[in-house]
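Asks: sequence-free structure coming up:
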């Protein structure tokens, strides 16, 4: 009976460690574990297609996280998605205003995020600025459709 009780305790401990590990994995996948809580400034960008970009997605420059997506909405006047980003205040007046924003995909799960490529302008992004040069998300279904359509046209010639 004593040996059986000891095995039950080890199994329970192993299960508890497994649940804790699953919790931390869920936090990492959902981007809740890396939320920046300091001061931020707001920058917007307009995209033709945001793919699977979500609020709280990270914003990076050269692979370094500098902020996160705070809001996404549709503008019915120009038929584009407006992505609002909160960038860390330490980068205020340090990112050129002709920077390029693009939606990229990372990881095996296809997590999408915004990547900023700095331009060469002397002027910088300030609170409320809009990034005018953007590249939309690469949608796999569209690429496959273009490939199939292209192959179909080759056969007709």
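Replies: Everything's here; your move. Since we're looking at a predicted model, the values are computed, not measured.
Asks: residue closest to the middle of the chain?
Replies: By CA atoms, centre = their mean, the chain has its centre lying nearest to residue 113, at 2.0 Å.
Asks: What residues are bridge-paired with it?
Replies: Assessed by DSSP bridges, residue 113 has beta-bridge partners residue 104.
Asks: Please tell me I have it right and it contacts residue 61.
Replies: No - contact criterion CB atoms under 8 Å: residue 113 and residue 61 do not qualify, at 11.4 Å. Placement of C-beta: from N, CA and C, glycine included.
Asks: give the contact list for residue 105.
Replies: By CB atoms under 8 Å, 6 or more residues apart in numbering, the contact list for residue 105 reads 51, 111-112, 137-138.
Asks: Return the helix or strand in this protein with minimum mean pLDDT.
Replies: Scoring the helices and strands of the chain by mean pLDDT, DSSP states H and E places helix 140-156 at the bottom, with a mean of 72.
Asks: coming back round to it: for the residue nearest to the centre of the chain, list the residues it contacts.
Replies: So residue 113 contacts 53, 57-60, 103-104, 106 (CB under 8 Å, 6+ apart).
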